[in-house]
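Asker: Here is a sequence together with a model predicted from it:
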Amino acid sequence: MIRVVLADDERLVRGAIATLLNLEDDVEVVAEVGRGDEVVATVVKHRADIAVLDVEMPGMTGLEAAAALHQEVPSCGILILTSFGRPGYLRRALAAGARGFLAKDAPVDQLAGAIRTVYRGGHFIDSELAADAMMAGENPLTAREIDVLRAASTGASVAAIARTLHLSEGTVRNYLSSAISKLGEANRIAAIRKANAMGWL
């Protein structure tokens, strides 16, 4: 029996997925959580073989939880479910140690098949999402540009961003200008919108 921990902050969606997976002969959802920062402890407690993680969760995103889980419990296979087919999410998920990546609206038999594939040590990547990621190319932003754009997305001023990231205001402006230029946008709002849409933030 493949022991699965399911993490999704939408209780109804999580419950429906769990119910459907539990109908499979070889899959058992041993625990459900609604926060990303509960994933590692829950996997350890229930000795799960597979963690199925939504991307958007409070406490810690699914991508952050995947990275933490991969480091703490490398024997647990990780499969990411997403409602957002953002190309950057796939690259970030694979970099975090995930071996499965598919859309949340995939048929349950496809999800169950993905769980079995990851359990056997393989990879299962939704072909359409993979194609979109390849077409989108690499993230052109540096880690610091991402930090600054992410901070700016909250509406923070340059001065506030500088204090938060321990940078000078001039350096923050330079990073913002560079990110805006690389993304081919006219201002920071448009740059943030594009980076978010691509899954780079």
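Answerer: Yep, it's here.

Asker: got a list of what residue 194 touches?
Answerer: Under the criterion of CB atoms under 8 Å, 6 or more residues apart in numbering, the contact list for residue 194 reads 183, 185. All C-beta spots, glycine's among them, are computed from the backbone N, C-alpha and C.

Asker: For it, give me phi and psi.
Answerer: With angles defined as degrees, to the nearest 10, residue 194 sits at phi -70, psi -40.

Asker: Distance-wise, check it relative to residue 167.
Answerer: Distance, residue 194 to residue 167, by CB to CB, to the nearest Å: 23 Å.

Asker: a helix runs through residue 140, doesn't it?
Answerer: No: Residue 140 sits outside any helix when classified using DSSP: H, G, I helix; E, B strand; the rest coil, being coil.

Asker: Give the burial count for it, as a bare number.
Answerer: By other CB atoms under 10 Å, 15 other residues sit near residue 140.

Asker: and what of residue 75?
Answerer: For residue 75, using other CB under 10 Å, the count is 8.

Asker: Residue 198 too?
Answerer: Applying other CB under 10 Å, I find that residue 198 has 21 neighbouring residues.

Asker: Name the SS class of the nearest residue to it once chain neighbours are set aside, please.
Answerer: Distances taken as CB to CB, 6 or more residues apart in numbering put residue 88 closest to residue 198, at 4.8 Å, once the chain neighbours are dropped. Classification of residue 88 using three-state DSSP returns helix.

Asker: Can you get me a residue count around residue 88?
Answerer: Using other CB under 10 Å, residue 88 has 20 other residues around it.

Asker: Give me the distance between it and residue 68.
Answerer: 19 Å.

Asker: again, but for residue 92
Answerer: 14 Å.

Asker: go on, residue 175?
Answerer: For residue 175 relative to residue 68 (CB to CB), the value is 27 Å.

Asker: Same check on residue 75?
Answerer: In terms of CB to CB, residue 75 sits 14 Å off from residue 68.

Asker: One more: residue 44?
Answerer: With CB to CB as the criterion, residue 44 and residue 68 are 11 Å apart.

Asker: More neighbours: which of the two?
Answerer: More crowded of residue 44 and residue 68, by other CB under 10 Å: residue 68, with 17 against 14.

Asker: quick one, what contacts that one?
Answerer: By CB under 8 Å, 6+ apart, the neighbours of residue 68 are 39, 40, 60.

Asker: Repeat that for residue 193.
Answerer: For residue 193, the contact set (CB under 8 Å, 6+ apart) comprises residue 185.

Asker: For it, grab phi and psi.
Answerer: Dihedral angles (degrees, to the nearest 10) for residue 193: phi -60, psi -40.

Asker: Is the most centrally placed residue in the chain in a helix, a strand, or coil?
Answerer: When CA atoms, centre = their mean is applied to the chain, the residue found nearest the centroid is residue 63 (3.2 Å). Assigned by three-state DSSP, the conformation of residue 63 is helix.

Asker: quick one: contacts for it?
Answerer: Contacts of residue 63 by CB under 8 Å, 6+ apart are 55, 80, 89, 92, 93, 96.
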